[in-house]
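> Need a 3D model of the following:
(one chain, ligands or ions: 2)
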Amino acid sequence: MPQGQPPGPAGSAQAPDAPIDGLRWTHRFAGLGERFHTRLPSTPLPDPHWVAISDSAAAALGWPADWWRHQQSLAAFSGGTPWRGMQPLASVYSGHQFGVWAGQLGDGRAILLGEVDTPSGPMEIQLKGSGLTPYSRMGDGRAVLRSSIREFLCSEAMFHLGIPTTRALAISGSALPVRRETVETAAVVTRLSPSFIRFGHFEHFCHHDQHAELRQLADFVIRHHYPECLDAPQPYVALLEAVTRRTARLLADWQAVGFAHGVMNTDNMSILGLTIDYGPFGFLDAFDPGFICNHSDTQGRYAYARQPNVALWNLHALAQALLPLVGEGEEASDLLLEALEPYRTEFPAALEARMRAKLGLATEQPADRELIDGLLKLMAADRVDFTIAFRRLADFGSAAGADNAAVRDLFLDRAGFDAWAGRYQARLQAEDSLDAERAVRMKRVNPKFVLRNHLAEVAIRQAGQGDFSEVQRLLKVLERPYDEQPEHSADAGFPPDWAQHIEVSCSS
Ligand code: AMP
Ligand code: MG
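Numbering: from 1, shown residues only. Ligands and ions are numbered 1, 2, ... in the order given. Below you'll find the predicted structure:
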């Protein structure tokens with residue numbers, strides 16, 4: 001990728017124009033007022049360069065493909081000189097971390113540049129890793145290249161998998177040293193989201209008894225993101241229920257694709273039900289319900305199979321935060337608790353629907369749950385690769401005696417698999433499933449390509465040597481996760497042995 005020019009000095013008197021015609025800033029979050037944020041400029045990366053660009057994210061913004069080639073683009077998105085119209089700020093929030101009230105947090109290393117109009121509605125543009133803010137606590141305000149590449153690739157990969165997520169537009173990098181376990185270099189990710197509001201924003205104002213601001217925040221979220229709640233008899237209860245349903249569906253998406261977030265603290269829970277704050281996440285290689293992707297999570301609080309319950313725990317924290325808006329006493333808390341109830345039906349129903357689709361079942365049968373669980377149990381016992389098993393299952397033959405060696409060979413317990421396969425065949429025959437047609441359907445929901453740790457690791461190592469081509473190549477592969485892309489089949493293989501030794505922690 002061509003290197004851009006270094007930015008001009010930060011805070012120069014004359015902000016440069018955006019190199020994009022007709023860019024319109026809306027700044028709705030900024031309009032909430034000073035209790036919600038601190039206005040401050042980002043800190044420039046010294047001598048920055050581009051690391052990666054998502055053309056697909058730029059297209060979603062309606063920006064021309066060459067937007068990043070302009071000198072003022074690298075300057076603005078590496079934390080240097082903002083474009084005219086940007087209003088940089090850091091927002092304040094609080095939250096529960098690992099089940100414990102953590103007090104005030106906030107954008108400790110993120111700067112919201114503002115909100116732009118796009119063909120699909122207003123979109124906030126945020127820098128991550130762009131220097132100290134009043135909410136940095138003990139941190140340095142920076143993000144390392146390693147974690148920035150992981151967030152960039154994974155958020156774009158999730159988007160193309162069809163899973164609700166914030167997106168990433170670009171990464172800029174610099175030789176600036178950043179101390180973690182070792183000394184690494186700094187980078188800035190440009191993230192996009194209709195809103196970066198978290199459960200923790202609500203908890204913040206509730207905790208500080210700032211009920212006017214709490215109401216203002218809830219009204220803001222309802223007006224702009226959940227307008228259907230306005231007509232409900234109790235709009236704040238309706239908001240909680242809507243967030244509950246979205247979160248339930250998000251968790252079903254995560255579980256069905258084998259994604260573990262790693263740090264499901266309430267400050268990392270999007271009020272829009274998006275995947276947000278990619279840190280020590282991981283996709284399952286070998287299927288293991290107890291999979292812990294975050295090396296720092298010694299108790300396994302955020303293990304893969306626990307995620308759905310943690311999300312509900314987090315929704316309880318949100319409910320608690322909304323209580324002052326609904327009233328006092330038992331009646332108010334009962335109303336809010338009721339709004340959480342749909343989680344208990346919506347999540348399993350959504351997960352079952354996704355798992356049924358993963359098995360290519362066109363109809364719903366009472367024994368489907370058992371069929372799904374039976375497969376997962378066998379996979380867990382033999383630590384079968386999650387992504388590969390479901391992808392291979394697409395070509396499963398439903399006729400008795402069909403050659404299903406490709407998937408059967410993944411299991412050590414052949415007798416166990418054969419017994420399950422017999423039930424699956426009977427189930428498929430009962431709904432007159434056509435193998436060829438079903439294979440097409442199944443390949444649309446069972447990805448061939450996910451961002452396994454070792455794939456990210458190779459791209460990160462090369463980027464550390466100054467070669468960013470692997471980041472860009474991998475991005476292109478992950479933009480088409482359901483396509484065969486035979487030329488990239490190596491990216492869809494089993495993880496190499498060394499992948500087991502990759503340790504991903506909170507340090508980023
Ligand atoms: P996380 O769990 O990574 O989403 O971060 C939790 C909190 O710590 C957030 O308020 C972050 O802004 C803050 N934080 C994480 N890393 C840093 C850092 N290097 N400098 C400043 N704040 C940070
Ligand atoms: Mg966070």
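
> Could you pull up the contacting residues of the residue in the stretch 351-500 of the chain that ligand 1 sits nearest to?
Proximity of the stretch 351-500 of the chain to ligand 1 (CB to the nearest ligand atom) peaks at Ala456, 16.9 Å away. The C-beta positions use only the backbone N, C-alpha and C, and glycine is treated the same way. Contacts for Ala456 (CB atoms under 8 Å, 6 or more residues apart in numbering) come out as Ile149, Arg150, Leu153, Cys154, Leu474.

> ranking those by neighbours, who comes first?
Neighbour counts for the contacts of Ala456 peak at Ile149, which has 29 neighbours (criterion: other CB atoms under 10 Å).

> Got the phi and psi for that residue?
phi -70, psi -40 (degrees, to the nearest 10).

> ok, now which ones touch it?
Residues near Ile149 by CB under 8 Å, 6+ apart: Val51, Ala52, Ile171, Ala187, Ala456, Ala459, Ile460, Ala463, Val471.

> Could you provide these in CSV, with additional columns for secondary structure and pLDDT?
Output for the contacts of Ile149, formatted as CSV (DSSP: H, G, I helix; E, B strand; the rest coil; pLDDT from 0 to 100):
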residue, secondary structure, pLDDT
Val51, strand, 98
Ala52, strand, 98
Ile171, strand, 98
Ala187, strand, 98
Ala456, helix, 98
Ala459, helix, 98
Ile460, helix, 98
Ala463, helix, 98
Val471, helix, 98
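
> Start from the N-terminal end of the protein and give the strands.
For the chain, the strands defined by DSSP state E occupy 37-39, 49-53, 89-91, 94-97, 100-104, 110-116, 123-128, 143-144, 167-179, 183-193, 259-260, 282-283.

> now Ala456: how far from Tyr93?
Separation of Ala456 from Tyr93 (CB to CB, to the nearest Å): 28 Å.

> do Ile271 as well
On the measure of CB to CB, Ile271 and Tyr93 end up 10 Å apart.

> just Arg408 next, same as before
Arg408 sits 50 Å away from Tyr93, going by CB to CB.

> okay, the two: which has more neighbours?
Tyr93 (24 against 14).

> ok, that one to Glu213 distance?
In terms of CB to CB, Tyr93 sits 12 Å off from Glu213.

> can you check Asp277 too?
23 Å.

> Which of these two has more residues huddled nearby?
Higher neighbour count among Asp277 and Glu213: Asp277, with 24 against 18, using other CB under 10 Å.

> Tell me the confidence at that one?
Predicted confidence (pLDDT) for Asp277: 98.

> ok, it touching Asn268?
Yes: between Asp277 and Asn268 there is a contact under CB atoms under 8 Å: 4.3 Å.

> and the stretch 1-150 of the chain, which residues reach ligand 2?
Counting by CB under 5 Å from the ion, no position of the stretch 1-150 of the chain is adjacent to ligand 2.

> and if we set it to 8 Å?
Leu105 (CB under 8 Å from the ion).

> The residue of the stretch 251-400 of the chain found nearest ligand 2: what's it in contact with?
In the stretch 251-400 of the chain, the residue that lies nearest ligand 2 is Asp277 (3.9 Å; CB to the ion). Under the criterion of CB under 8 Å, 6+ apart, the neighbours of Asp277 are Val263, Asp267, Asn268.

> Ser507: which of those is nearest?
Nearest to Ser507 among the contacts of Asp277 is Val263, at 11.5 Å by CB to CB.

> contacting residues around that closest one?
Asp277, Gly279, Pro280, Asn294, Asp297, Tyr302, Cys506.

> Next, count neighbours for the fourth one.
This means Asn294. The number of residues packed near Asn294 is 23, by other CB under 10 Å.

> List the backbone torsions phi and psi for it.
phi -100, psi 110.

> Contacts only, for the residue nearest to Leu230 when sequence neighbours are not counted.
Among residues not flanking Leu230 along the chain, Ile222 sits closest, at 6.1 Å (CB to CB, 6 or more residues apart in numbering). Counting by CB under 8 Å, 6+ apart, Ile222 makes contact with Cys229, Leu230, Pro235, Tyr236, Leu239.

> again, but for Val243
Here Val243 is in contact with Tyr226, Ile271, Gly273, Leu315, Leu318 (CB under 8 Å, 6+ apart).

> try it again with 7 Å
Ile271, Gly273, Leu318 (CB atoms under 7 Å, 6 or more residues apart in numbering).

> Tell me the spacing between it and ligand 1.
19 Å (CB to the nearest ligand atom, to the nearest Å).

> for Ala52, same thing?
20 Å.

> Test my guess that that residue contacts Glu470.
No: using CB atoms under 7 Å, Ala52 is not in contact with Glu470; the gap is 9.9 Å.

> Pick out whichever of these two has more residues nearby.
For the pair Ala52 and Glu470, the greater number of neighbours falls to Ala52 (28 against 18), based on other CB under 10 Å.

> That one pairs with what?
Ile171 (DSSP bridges).

> these two touch, right, Trp25 and Gly85?
Yes: with contact defined as CB under 7 Å, Trp25 counts as touching Gly85 (4.3 Å).

> what touches both of those two?
With CB under 7 Å, 6+ apart as the test, Trp25 and Gly85 both reach Gly114.

> so what's the closest residue to Ala252 other than its chain neighbours up against?
Spatial nearest neighbour of Ala252, excluding adjacent residues (CB to CB, 6+ apart): Ala350 at 3.5 Å. Counting by CB under 7 Å, 6+ apart, Ala350 touches Ala248, Arg249, Ala252.

> Distance-wise, check Ile171 relative to Val189.
Distance, Ile171 to Val189, by CB to CB: 5 Å.

> Return every residue with contacts to both of those two.
Ser148, Phe152.

> quick one on the thing from earlier: state the distance from the residue of the stretch 351-500 of the chain closest to ligand 1 to Glu470.
With CB to CB as the criterion, Ala456 and Glu470 are 10 Å apart.

> again, but for Phe386
Distance, Phe386 to Glu470, using CB to CB: 24 Å.

> sorry, back to before: I'd like the strands of the chain as JSON lines, with distance to Ala380 appended.
Below are those laid out as JSON lines (distance: least, CB to CB, whole Å):
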{"stretch": "strand 37-39", "distance to Ala380": "45"}
{"stretch": "strand 49-53", "distance to Ala380": "36"}
{"stretch": "strand 89-91", "distance to Ala380": "41"}
{"stretch": "strand 94-97", "distance to Ala380": "29"}
{"stretch": "strand 100-104", "distance to Ala380": "30"}
{"stretch": "strand 110-116", "distance to Ala380": "37"}
{"stretch": "strand 123-128", "distance to Ala380": "35"}
{"stretch": "strand 143-144", "distance to Ala380": "34"}
{"stretch": "strand 167-179", "distance to Ala380": "33"}
{"stretch": "strand 183-193", "distance to Ala380": "34"}
{"stretch": "strand 259-260", "distance to Ala380": "15"}
{"stretch": "strand 282-283", "distance to Ala380": "16"}
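
> out of these, nearest to Ala492?
Ala492 sits nearest to strand 282-283 of all those, at 12.0 Å, using CB to CB.

> partners of that closest one, with directions?
Strand 282-283 sits in its sheet next to strand 259-260 (antiparallel), going by DSSP bridges.

> what is the mean pLDDT for the partner strand?
98.

> check whether that strand contacts ligand 2.
No: figure legend: strand 259-260 not in contact with ligand 2 (CB under 8 Å from the ion); closest approach 15.9 Å.

> Report the beta-bridge partner residues of the closest residue in space to Ser148 that isn't next to it in sequence.
Nearest residue to Ser148, sequence neighbours excluded (CB to CB, 6+ apart): Ala187, at 3.8 Å. With DSSP bridges as the criterion, Ala187 is bridged to Ala143, Gly173.
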